[in-house]
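# Generate coordinates for the sequence data below:
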Amino acid sequence: MDRMLWSVTLQAVGDRPVTHEEIVELADAVAGAHGVASGIGQSAYGAQLVVEAADRDEAISLGLALFTEAAATAGLPAWPVSSADAVSEAEDAELE
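This next block holds a predicted model:
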């Protein structure tokens, strides 16, 4: 099966607002995966990453591993991931 690029969006929800500095650290940690981070002032943090995978399940699995590692690198709490979704470059092109 051919591998393709996937945009994976993940969010972890917790019990306190996330600071600007924490999201900047998360953004730095996901930059290698062409990632962006979100969550300043919210009781959650998230990221959108780009991974190469054969299918949606593999993309989400790879994205989750990168997200968990990036959150730990950024010093964020290990909150449970509340949402994870992936869109392939082919699907994204169909939406445009």
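# what ranges of this structure fall below the confidence cut-off?
Per-residue confidence for the chain (pLDDT under 70) gives these ranges: 1, 92-96.
# so where do the helices sit in it?
Secondary structure of the chain, counting by DSSP state H: helices at 20-30, 56-73, 89-95.
# CA atoms only for the first one - export them in CSV, please.
Backbone C-alpha positions of helix 20-30 (Å, rounded to 0.1, in the frame of the first residue of the first chain) are rendered in CSV as follows:
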residue,chain,number,x,y,z
HIS,A,20,1.3,30.8,26.7
GLU,A,21,4.8,29.6,27.6
GLU,A,22,3.6,26.0,27.7
ILE,A,23,2.0,26.2,24.2
VAL,A,24,5.2,27.9,22.8
GLU,A,25,7.2,24.9,24.2
LEU,A,26,4.7,22.5,22.6
ALA,A,27,4.9,24.4,19.3
ASP,A,28,8.7,24.1,19.4
ALA,A,29,8.4,20.3,20.1
VAL,A,30,6.0,19.6,17.2
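# any chance of the helices of the chain in CSV, with mean neighbour count and distance to Ser43 too?
Every C-beta, even on glycine, is put in place using the N, C-alpha and C of the backbone. Output for those, formatted as CSV (neighbours: other C-beta atoms under 10 Å; distance: least, C-beta to C-beta, whole Å):
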stretch, mean neighbour count, distance to Ser43
helix 20-30, 18, 12
helix 56-73, 18, 15
helix 89-95, 10, 29
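# gap between the nearest residue to Thr73 once chain neighbours are set aside and Gly35?
Using C-beta to C-beta, 6 or more residues apart in numbering and skipping residues adjacent in sequence, the residue nearest Thr73 is Ala29, 4.3 Å away. Relative to Gly35, Ala29 is positioned 8 Å away (C-beta to C-beta, to the nearest Å).
# so what sits against both of those two?
Ala70 (C-beta atoms under 8 Å, 6 or more residues apart in numbering).
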